[in-house]
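Q: after the sequence you'll find the predicted model.
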Amino acid sequence: MADTLVIGTARIDREREPGRRWERVGPGGDPVAPGTPAPRRKPTSGGVVLDCGWGRLVFGQTFTEQVEVADVLRSEADGARDICIYLRDPHVLVSRLPDELFIDPSLTYRLSLGKRRPAATDGGDIPGLTIRPLRDADDAEAVNRIYARNGMVPAPVEVLVDNAGDDRFLHLVAEDAAGEVVGTITGVDHVAVFADPEQGASLWCLTVDFNTAPPGTGQALLTALADRLDARGRAYVDLSVLAENSGAIRLYERLGFRRTGTLCVKRKNPINERLFLPATPQGYDELNPYARIVADEAMRRGIRVEVTDPHWGELRLTNGGRTIHTRESLSELTSAVAMSRCDDKRVTRRILAEAGLSVPRGRTATGDADDLAFLGDVGPLVVKPARGEQGNGITVGVRTPQALTAAVELARGFCPDVLIEEQCEGEDLRVIVIDHEVVAAAVRRPAQITGDGVHDVTELIERQSRRRAGATGGESRIPIDDMTREVVAEAGHRMHDVLPEGQVLAVRRTANLHTGGTIHDVTAELHRDLAEACVTASRALDIPVTGLDLLVGSPDRPEHVFVEANERPGLANHEPQPTAERFVDLLFPGTRGPQRLWSPAGTGGTT
């Protein structure tokens, strides 16, 4: 319900035990982990509490005493998010327990069903998209992956599956043409739960995979749920949404939802901290996602955050007598020498090679016969500016003298010094190392589009670019330039061709996120040898935070070459891995909490 469509407000509890489940509860019950002491006292007034896996719905109108609502919220399980809705006079309860409870800063909207249902709720057909009930553990795992990717609290798989078979729930998923789950929504039938005399219902956890879901998936899920509740004879369906989520609010109002005065009460727990902490600092809303994730983690710990330059991503963080300036993941702890080692790709490769690490064969371009001799000796090349970022000026797959001359000229437009390297095959792997420990790893893939049998290549690129921009706060877009046209042409297509439904076409050579690339977490698969090589690289560069780029046959195999090192990696690209947490640990060790450390594939889990 809250946190619908756009990234949810509840952050994942990193220390929640994998696979932990709480027993289902009926009306008035409390969730308990296996082996824990007896739960606290249960409501005696017949109050209704419904376990949703990620937390419980507490139906406030079913309680006769507010003190019993407080007791239920106090019994909230670690790592869960309980929500009390429809409580009479919620402000009175919160005013009596301000240190424990708070009013959720969300707005509640209602869609009338039946004959009064607006026609605008018709989402239309999306080619290849199927809306169906959640069926099994595989579906539940896919739903949890989407929850985690969007910063929402996951639920035990068995609870999701059990609930999907319960008449009180309508848990739907959106499945694309390839059979992948790309969106989810949960409805709760109040009549089935507590014989609601108002014949109402509510919806929760509407979210989609912004990397893969077709445009309109969220609306299609809303429409499907409304249809099913309408068929049951329900009078309305409610949802709540963060007051700042203007995009989702516009959608709901366009679909016929109308604002109501219903408020929700939540407990002050670590998941909810951002919702009840003091107002965000001036300039916070102008921060990009890479600076905002650091600010969020610092504020969560009670560290004072000042935004000194929002457009540059600069923060001043203060805790006690310690103050540190940061720019995204770059801080004062990274020395100017370490930064310069990463800034010049020629220096990076020399230091890594001297440390015994594998790097591609390469040389500084001289613009003479030696460049051509190198091309003839090693074959296809990658040409890049010696200094630069975000993939600017890089040409991949240079095979002819003419192409080499053009690529060097392009690179010199960004930096007078140009590096030419052997083109190595493999997947593009980014590994985040903080304080000389591996924290996250992800494979990056070039931007691609999927045909729908209707739109041409140009239209598909534009649509995918808008989706990537929306999912990354404008950080990722697919340019329609000469490189894009060339890649499309090499695949045997023209920009005005209409691709058959389901056909996938890569439209860029490099996997840079700023040009529409996507990132896929492989932390759990990372081979020990790759992890050890990355730690060796961070120590050789003497840098406390770095994003190391490698080409690998597979993340779970040891073969690799290092391509470059980034002194300011985007931590937000690696959620749900605890990159921001480990970064703030480095800056302010005294605020460090229990850690979840990365463990190499095949070593028996986490420590």
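A: Yes, it's here. Numbers count the residues shown, from 1 in each chain.

Q: only C-alpha atoms for contact and neighbour calcs from this point on.
A: Noted.

Q: quick one: average pLDDT of stretch 589-602?
A: Throughout stretch 589-602, pLDDT has a mean value of 60.

Q: typed the wrong thing, it's stretch 519-526
A: Stretch 519-526 carries an average pLDDT of 92.

Q: pull out the buried residues from that stretch.
A: 519, 521-526 (16 or more other CA atoms under 10 Å).

Q: now render these as CSV, adding secondary structure and distance to residue 500.
A: Below are the buried residues of stretch 519-526 laid out as CSV (DSSP: H, G, I helix; E, B strand; the rest coil; distance: CA to CA, whole Å):
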residue, secondary structure, distance to residue 500
519, strand, 25
521, strand, 29
522, coil, 31
523, helix, 34
524, helix, 35
525, helix, 34
526, coil, 35
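
Q: out of those residues, who's nearest residue 361?
A: Comparing these against residue 361 with CA to CA places residue 526 closest, at 24.7 Å.

Q: residue 210 versus the residue sitting nearest the centre point of the chain, what's the distance?
A: Taking CA atoms, centre = their mean, the centroid of the chain lies closest to residue 149, which sits 3.6 Å from it. Distance of residue 149 to residue 210, computed by CA to CA, to the nearest Å: 9 Å.

Q: same deal with residue 130?
A: To residue 210, residue 130 is 17 Å away according to CA to CA.

Q: okay, these two: which has more neighbours?
A: residue 210 (24 against 18; other CA atoms under 10 Å).

Q: point me to the helix or strand that includes the more buried one.
A: Here residue 210, judged by DSSP states H and E, is contained in no helix and no strand.

Q: just the strands in the stretch 351-500 of the chain please.
A: With DSSP state E, counting those that start in this stretch as the criterion, the stretch 351-500 of the chain has strands at 362-364, 381-385, 395-398, 418-422, 427-434, 437-445, 448-450.

Q: most tightly surrounded among the ones you listed?
A: Of these, the one with the most neighbours on average (mean count of other CA atoms under 10 Å) is strand 381-385, at a mean of 27.

Q: CA-only coordinates of that one in CSV, if you can.
A: The C-alpha trace of strand 381-385 is given here as CSV (Å, rounded to 0.1, in the frame of the first residue of the first chain):
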residue,chain,number,x,y,z
LEU,A,381,41.8,-2.8,-29.9
VAL,A,382,40.0,-0.6,-27.3
VAL,A,383,40.9,3.1,-27.6
LYS,A,384,40.2,5.4,-24.6
PRO,A,385,41.3,8.7,-23.2
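
Q: any idea of the angle it forms with strand 418-422?
A: 160 degrees (axes from the mean of the first three to the mean of the last three CA atoms, to 10 degrees).

Q: from the chain's centre, how far out does strand 381-385 sit?
A: Distance of strand 381-385 from the chain centroid (CA atoms, centre = their mean, to the nearest Å) equals 31 Å.

Q: outside of it, which residues touch it?
A: Under the criterion CA atoms under 8 Å, 6 or more residues apart in numbering, residues 375, 392-399, 404, 407-408, 411-412, 414-423 lie in contact with strand 381-385.

Q: just stretch 572-589 next, same as before
A: 12, 14, 148-149, 151, 289-290, 293-294, 297-298, 319, 324, 329, 333, 432, 434-435, 439-442, 519, 521, 545, 571, 591-592.

Q: any idea how far apart the tips of that stretch sit?
A: From its first residue to its last, stretch 572-589 covers 21 Å (CA to CA).

Q: for the protein, identify the residue most remote from the centre.
A: The chain, CA atoms, centre = their mean, max distance from centroid: residue 369 (47.7 Å).

Q: measure it to residue 401 for me?
A: 10 Å.

Q: got it, and residue 108?
A: 64 Å.

Q: more crowded one of the two?
A: Higher neighbour count among residue 108 and residue 401: residue 108, with 20 against 15, using other CA under 10 Å.

Q: quick one: which of the strands of the stretch 351-500 of the chain is nearest residue 558?
A: Taking CA to CA, strand 427-434 is the member of those nearest to residue 558, at 12.3 Å.

Q: can you name the residues in contact with that closest one?
A: Here strand 427-434 has contacts from 438-445, 511, 534-535, 538, 544-555, 569, 579, 582-583, 586, using CA under 8 Å, 6+ apart.

Q: just the buried members of the residues you listed?
A: Listed as buried from the contacts of strand 427-434 are 438-445, 511, 534-535, 538, 544-555, 569, 579, 582-583, 586; burial here means 16+ other CA under 10 Å.

Q: please, which helix or strand holds the nearest residue to residue 483 once chain neighbours are set aside?
A: Nearest non-adjacent residue to residue 483, counting by CA to CA, 6 or more residues apart in numbering: residue 508, 7.0 Å away. Under the criterion of DSSP H and E, residue 508 resides outside all helices and strands.

Q: which residues touch residue 508?
A: Residue 508 touches 446-448, 483-484, 487, 515, counting by CA under 8 Å, 6+ apart.

Q: cutoff 10 Å now
A: Contacts for residue 508 were tallied using CA atoms under 10 Å, 6 or more residues apart in numbering; they are 445-448, 478-480, 483-488, 515-517.

Q: separation between residue 483 and residue 509?
A: For residue 483, the distance to residue 509 - CA to CA - is 8 Å.

Q: the more surrounded of these two?
A: Comparing residue 483 with residue 509 by other CA under 10 Å, the one with more neighbours is residue 509, at 19 against 14.

Q: any idea how far the more buried one lies from residue 491?
A: Distance, residue 509 to residue 491, using CA to CA: 12 Å.

Q: one more: residue 482?
A: Separation of residue 482 from residue 491 (CA to CA): 14 Å.

Q: thinking again about what came up before, list residues touching both of residue 369 and residue 401?
A: residue 375.

Q: where does the protein have low pLDDT?
A: Residues of the chain that meet the criterion pLDDT under 70 lie in 1-45, 116-124, 278, 471-473, 511, 593-607.

Q: quick revisit: need the residues touching each of residue 483 and residue 509.
A: Residues touching both residue 483 and residue 509 (CA under 10 Å, 6+ apart): residue 395.

Q: spatially nearest residue to residue 287 (excluding sequence neighbours)?
A: residue 310 (5.0 Å).

Q: so who does the one you found touch?
A: By CA under 10 Å, 6+ apart, residue 310 lies in contact with 282-288, 291-292, 327.

Q: how many other residues sit next to residue 71?
A: Residue 71 has 15 nearby residues by other CA under 10 Å.

Q: what would the buried residues of stretch 519-526 look like in CSV with distance to residue 385?
A: As requested, those are exported to CSV (distance: CA to CA, whole Å):
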residue, distance to residue 385
519, 23
521, 28
522, 29
523, 30
524, 33
525, 32
526, 29
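
Q: out of the residues you listed, who's nearest residue 83?
A: Nearest to residue 83, judged by CA to CA, of those is residue 521 at 30.4 Å.
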